[in-house]
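Engineer: just the structure for this:
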Amino acid sequence: MHRLASDHGLFGWAKNTSSGLVLELEGESPAIESFLHGVRNDAPPLSNVESVSVTELMGLAGYQSFQIIPSTREDRIDTLVSPDISICDECRCELFNPDDRRYRYPFINCTNCGPRFTMIRGIPYDRAKTTMDRFPMCPECMAEYGDIKNRRYHAQPNCCPRCGPKLFFLDSKGNEGTKDPIEEALNYLKEGKTVAIKGLGGIHLACIVDEETVRRLRRLKRRDERPLAIMCKDMMAVEKLCVISPEEQRRLESPAQPIVLLGKRKSGLDYISENGYIGVMLPYTPVHCLLMEGGMDCLVMTSANLSDLPVLYENMEAVQKLSGVADGFLLNDRDIYTRCDDSVLRVFEGRDYFIRRSRGFVPLLIKTRSALDGIFSCGAEQKASFGISKGEYFFLSGHIGDLKNEEALDHYTAQAAHTERLFGMKVKKIACDLHPDYMSTDYAQKRAKDENIPLLRVQHHHAHLASCMADNGVKSDCLGVIWDGSGYGEDGTTWGGEILFGGYSGYRRLGTIRPITLPGGDSAVFDIRRLGFSMMRDAQLPGYGDIMGGDADTMEAMMRAKTNCPEATSMGRLFDGVSAILGIKRTASYEGQGAILLESTAYADGSMYDISFDHLGSLAVFDQRPMIRQLVKDLSCGIPVCVVAGKFMNTLVEMAAASCQAAAREIGIYDVCLSGGVFQNMYILKKLCVKLASRGFTVYTHSRVSCTDEGIALGQAVVAYGGGQ
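Structural biologist: This is a model prediction of the structure:
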């Protein structure tokens with residue numbers, strides 16, 4: 001604004017406030033009109049101009065210059081907060097320029113890049129309200145900060161080696177190194193050791209891309225098979241490992257620089273990711289750039305946390321809790337106020353398709369078509385997130401993880417409290433899942449009671465449908481194919497393979513799948529042999545006990561007595577069971593592993609199995625037993641597993657399309673939303689979109705929030721506004 005005012009010869013002042021930027025200007029009318037045109041149309045690429053309001057004042061103050069005056073905090077808080085931004089090209093050039101005073105300085109930044117959200121304690125966004133407040137600027141940095149022609153003009157994290165944060169290296173016992181910290185870290189990495197590296201929103205565990213080294217890291221971190229992400233030095237290094245489209249490259253190189261899931265080009269990397277994709281990112285901080293320039297083409301980069309716990313972000317806590325995991329620690333004395341994991345996405349039909357929405361995107365707000373003011377939505381349990389609505393804007397929290405322990409719940413509640421303070425949010429309603437045992441539901445119930453706030457419970461799959469609708473700006477009721485692992489149904493059973501019709505104010509359940517018995521309950525999510533056993537038994541196939549080996553009699557007795565044998569209409573469990581039957585995976589180390597590997601195995605052709613429906617009143621129930629019988633027969637006839645896996649998924653695609661077609665003939669609606677964690681499966685997603693479109697449907701998929709449970713907080717909010725339960 002200062003530059004724009006100077007360009008047009010305007011005098012006056014500007015200040016940051018908690019409700020937005022305020023200016024008072026004097027000058028010729030044409031100059032002011034040109035200024036306003038520039039505000040609306042020529043804003044810097046990383047800025048976000050939400051609205052411009054103009055009031056003409058009486059009389060002239062006679063300003064002789066343009067000044068930035070001290071910020072003020074008002075009762076209303078509307079100012080948005082920027083996400084953390086990857087290092088820009090200009091700062092990268094300075095970082096490696098021996099003649100620059102910030103040569104090899106690990107905290108170089110400017111107004112176009114660097115930390116934002118993770119260091120902000122409050123707004124207006126001034127240095128005093130960030131974790132940079134303990135680093136007073138030296139005269140040279142202060143001169144840049146006050147020079148309108150400088151790229152660091154009013155850059156709040158501005159600093160240099162003389163006045164800014166410092167990098168340091170510790171060994172596994174916490175002793176500080178004696179060499180350059182980057183050099184020490186590189187030496188450890190090249191020796192095959194694991195180094196904990198502090199980034200923008202948390203700490204990574206890093207090691208070289210070497211099978212023995214990676215397997216050691218997996219063993220120490222207790223992450224035996226879940227995919228790991230790789231940081232590549234540049235696009236040349238990426239292309240050696242992966243097949244990448246122009247759209248994927250643009251996303252990889254964007255200011256957010258997320259992890260992008262790319263198809264493997266190179267074989268032999270199953271120790272990184274056992275499926276067909278690798279999560280890849282580029283160096284997004286100066287520290288990363290310095291490490292990669294030190295001779296590293298690729299590094300494994302995984303969040304520094306132990307199983308099911310939030311990512312670590314404080315120095316001493318990391319040294320204590322990672323003892324025995326990390327061999328060294330590359331840390332710094334710039335505090336992280338808000339932890340924030342890396343974002344993970346695919347590119348689908350030219351748009352972002354989030355697996356995890358966090359660094360680089362949080363806290364960007366999602367604009368909705370309705371005023372949802374004052375709703376706090378609690379999300380679910382797995383891939384937990386919360387949402388806060390304010391006017392037409394919805395804030396979705398960053399990745400929190402699964403709410404299965406007190407540490408995760410503490411992280412959740414602290415983030416919620418900070419976000420409400422940051423945005424000046426006054427909660428008027430709370431929305432949560434129907435499931436009575438979710439920690440997020442317990443949080444909602446206690447808070448609603450303590451603060452005397454109305455509580456609305458939203459059915460899990462209804463929230464998925466509403467989330468996809470809101471993601472795409474759909475206002476009218478539509479069909480929904482909602483497939484996931486589990487969600488609490490209105491009848492007290494577990495749902496997960498649902499065809500719905502409805503909108504924000506309500507829904508009807510039109511279709512589902514035949515319930516699958518889960519011997520041992522949650523144990524069957526990981527010992528997925530049990531699911532294969534249950535499904536083959538239900539299909540009355542001879543020899544169904546063979547899949548359980550010596551445990552068959554125990555499973556048989558359990559199922560006959562119906563001891564701890566809940567049922568679920570879960571599409572995720574159907575995938576897991578088929579994976580076990582096909583011998584692809586029989587014991588999972590993380591939920592959905594069998595389904596993920598089944599997708600990677602499948603050969604894409606057009607063949608399929610028979611489709612059969614039963615009808616319980618108005619509810620169409622897909623009977624998977626004929627499909628399971630034919631699938632097992634194919635196996636016994638020597639049909640390759642890859643072909644059988646493809647036929648299985650083709651059958652489900654046809655089943656979903658047929659269900660939608662039958663519903664559309666009755667209801668007259670040809671709009672359909674696809675949501676739920678199963679739609680991370682690209683084979684299913686792509687084929688179903690094409691098949692539905694060929695039959696006259698308009699298909700809506702996610703792009704601003706994830707199709708997984710991470711995205712349902714948005715659905716809960718719009719349902720709470722439109723009706724709820």
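Engineer: tell me the secondary structure at the closest residue to A552 other than its chain neighbours.
Structural biologist: Residue nearest to A552 in three dimensions, not counting chain neighbours: G545, with 3.4 Å by CB to CB, 6 or more residues apart in numbering. C-betas here are computed from N, CA, C, even on glycine. When classified by DSSP: H, G, I helix; E, B strand; the rest coil, G545 comes out as helix.
Engineer: what sits against G545?
Structural biologist: Listed by CB atoms under 8 Å, 6 or more residues apart in numbering, the contact set of G545 reads 533, 552-553, 555-556.
Engineer: how near is it to L364?
Structural biologist: 53 Å (CB to CB, to the nearest Å).
Engineer: mind naming the longest strand for the chain?
Structural biologist: Longest strand in the chain, counting residues (DSSP state E): strand 478-488.
Engineer: R3: neighbouring residues, count only.
Structural biologist: 13 (other CB atoms under 10 Å).
Engineer: let me fix that, I meant to ask about K173.
Structural biologist: So K173, with other CB under 10 Å, has 7 neighbours.
Engineer: ditto for D7
Structural biologist: Around D7 there are 13 residues (other CB under 10 Å).
Engineer: list the contacts for the nearest residue to Y393 once chain neighbours are set aside?
Structural biologist: Nearest residue to Y393, sequence neighbours excluded (CB to CB, 6+ apart): L365, at 4.1 Å. Shown in contact with L365 (CB under 8 Å, 6+ apart): 80, 393-395.
Engineer: do the same with I596
Structural biologist: By CB under 8 Å, 6+ apart, the neighbours of I596 are 275, 681.
Engineer: chain center to the one helix or strand it maps to: distance?
Structural biologist: Under the criterion of DSSP states H and E, I596 resides in helix 593-601. Relative to the centre of its chain, helix 593-601 is centred 21 Å away, using CA atoms, centre = their mean, to the nearest Å.
Engineer: average pLDDT for that helix?
Structural biologist: Across helix 593-601, pLDDT averages out at 96.
Engineer: again with stretch 137-154
Structural biologist: 94.
Engineer: buried stuff in it?
Structural biologist: For stretch 137-154, burial by neighbour count (16 or more other CB atoms under 10 Å) applies to 137, 141, 144-145, 151-154.
Engineer: can you tell me which of the residues you listed are in helices?
Structural biologist: 141, 144-145 (DSSP state H).
Engineer: which stretches of the protein have low pLDDT?
Structural biologist: 18-19, 45-46, 72-79, 307, 369-370, 723-725 (pLDDT under 70).
Engineer: in it, which helix is the longest?
Structural biologist: The chain, longest helix under DSSP H: helix 641-667.
Engineer: for the stretch 201-350 of the chain, which segments are assigned as strands?
Structural biologist: 203-208, 229-232, 242-243, 259-264, 277-281, 298-303, 328-332, 344-348 (DSSP state E, counting those that start in this stretch).
Engineer: secondary structure element for L500?
Structural biologist: strand 494-502.
Engineer: against which helices or strands is that strand packed?
Structural biologist: Counting contacts by 3 or more CB pairs under 8 Å, 6 or more residues apart in numbering; DSSP states H and E, strand 494-502 packs against helix 460-472, strand 478-488, strand 507-513, strand 567-570, helix 571-581, helix 641-667.
Engineer: which among those is found nearest to G722?
Structural biologist: helix 460-472 (7.8 Å; CB to CB).
Engineer: from R359, how far out is G202?
Structural biologist: For G202 relative to R359 (CB to CB), the value is 9 Å.
Engineer: more neighbours: which of the two?
Structural biologist: The neighbour comparison of G202 against R359 (other CB under 10 Å) goes to R359, with 30 against 25.
Engineer: so what's that one up against?
Structural biologist: 83-84, 118, 200-201, 256, 258, 340-343, 398.
Engineer: need the residues you listed in CSV with distance to H418 and neighbour count, can you?
Structural biologist: Shown next, in CSV, are the contacts of R359 (distance: CB to CB, whole Å; neighbours: other CB atoms under 10 Å):
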residue, distance to H418, neighbour count
P83, 15, 24
D84, 15, 27
T118, 11, 24
L200, 16, 26
G201, 13, 27
A256, 21, 20
P258, 23, 27
C340, 12, 27
D341, 16, 23
D342, 20, 27
S343, 19, 24
G398, 11, 26
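Engineer: farthest pair in the buried residues of stretch 137-154?
Structural biologist: The widest separation within the buried residues of stretch 137-154 (CB to CB) is 15.1 Å, between M137 and R151.
Engineer: quick check: domain ranges of the protein?
Structural biologist: 2-68, 167-332 (automatic domain parsing).
Engineer: and of the ones you listed, who's closest to V427?
Structural biologist: That would be domain 2-68 among the domains of the chain, by CB to CB, at 18.1 Å.
Engineer: show the end-to-end separation of that closest one, please.
Structural biologist: 8 Å (CA to CA, to the nearest Å).
Engineer: and what of stretch 575-595?
Structural biologist: Length of stretch 575-595, first residue to last, CA to CA: 5 Å.
Engineer: with stretch 359-367 instead?
Structural biologist: Start-to-end, stretch 359-367 (CA to CA) is 19 Å.
Engineer: okay, helices next: where are they in the stretch 51-200 of the chain?
Structural biologist: Listed in chain order, the helices of the stretch 51-200 of the chain (DSSP state H, counting those that start in this stretch) span 89-95, 139-145, 181-190.
Engineer: could you redo the ones you listed as TSV and give each row distance to D484?
Structural biologist: Shown next, in TSV, are those (distance: least, CB to CB, whole Å):
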stretch	distance to D484
helix 89-95	41
helix 139-145	49
helix 181-190	39
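Engineer: out of those, which gets nearest to K266?
Structural biologist: Short answer: helix 181-190, nearest of the helices of the stretch 51-200 of the chain by CB to CB, at 20.7 Å.
Engineer: what angle do that closest one and strand 298-303 make?
Structural biologist: 100 degrees (axes from the mean of the first three to the mean of the last three CA atoms, to 10 degrees).
Engineer: export only the CA atoms of helix 181-190, formatted as PDB.
Structural biologist: Output of helix 181-190 as PDB, limited to C-alpha atoms (Å, rounded to 0.1, in the frame of the first residue of the first chain):
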ATOM      1  CA  PRO A 181      26.100 -27.100  12.300                       C
ATOM      2  CA  ILE A 182      25.200 -27.700   8.600                       C
ATOM      3  CA  GLU A 183      28.600 -29.500   8.100                       C
ATOM      4  CA  GLU A 184      28.100 -31.600  11.200                       C
ATOM      5  CA  ALA A 185      24.600 -32.600  10.100                       C
ATOM      6  CA  LEU A 186      25.900 -33.500   6.600                       C
ATOM      7  CA  ASN A 187      28.700 -35.600   8.100                       C
ATOM      8  CA  TYR A 188      26.100 -37.600  10.200                       C
ATOM      9  CA  LEU A 189      23.800 -38.100   7.200                       C
ATOM     10  CA  LYS A 190      26.600 -39.200   4.900                       C
END
